[in-house]
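Undergrad: Sequence first, predicted model second:
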Amino acid sequence: MSRFPDRLNQQIANEFGASQQYVAIAVHYDAQTLPQLAAHFYRQAVEERNHAMMIVQYLLDADEDVHVPGVEEPQVAFADVVEPVALALTQEKRVTEQIADLVKLAREEGDLVGEQFLYWFLQEQREEVSSMQSLLDVVERSRENVVHVEEYLARESGGESPLEVGAPPAAGGSL
């Protein structure tokens, strides 16, 4: 019996949990009137939610059971402006490991279609870790003047990621 579908269902929870954590981070920055940081993490929350929905669609297409899990409550209090971004980087690294483990499991079970489905996620995670590391670097350098972070994000944001163009379909379409 294949463990791969069960692990994909677990990953749905991981992706929804990441989305919720990003909402909490966005709200934290929004409450501090840091609109660029807030908008960045609201976008990240939607992206993680969409990743969960891509996995849902894959499982539906594979005629597998889909479990929509609850998630743990996210961290909502932070000591300073740096802590939320550091948490986000740690989260992205953890999700990268989770996706890599799923690829290994699909390969071990001979599920070539499942393995191929996950390659997009591996590329996406490489980009996410890199961009979050860059943001953390900027936030750490600018902790005494967060306006510099806001200016950085205003310059850097915009345009759709080229990876998103080739993304797997998400359940519910582009809702």
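TA: Ah, there it is. Just so it is clear, the structure is predicted and the values come from calculations on it, not from any experiment.
Undergrad: Please identify the buried residues of stretch 122-133?
TA: Within stretch 122-133, the residues scored as buried using 16 or more other C-beta atoms under 10 Å are Glu124, Gln125, Glu128, Val129, Ser131, Met132. Just so you know, the C-beta spots here come from the backbone N, C-alpha and C atoms, and that holds for glycine as well.
Undergrad: Not counting its own residues, what contacts that stretch?
TA: Stretch 122-133 is contacted from outside by 51, 85, 88-89, 92-93, 95-96, 99-100, 103, 161, 163, 167, using C-beta atoms under 8 Å, 6 or more residues apart in numbering.
Undergrad: follow-up on the earlier one: just the ones of the buried residues of stretch 122-133 in helices?
TA: Per DSSP state H, helices hold the following members of these: Glu124, Gln125, Glu128, Val129, Ser131, Met132.
Undergrad: Specify which member of the buried residues of stretch 122-133 is nearest to Tyr152.
TA: The nearest member of the buried residues of stretch 122-133 to Tyr152, counting by C-beta to C-beta, is Ser131 at 11.6 Å.
Undergrad: What's the mean pLDDT across stretch 91-107?
TA: Stretch 91-107 shows a mean pLDDT of 98.
Undergrad: Thanks a lot, catch you later.
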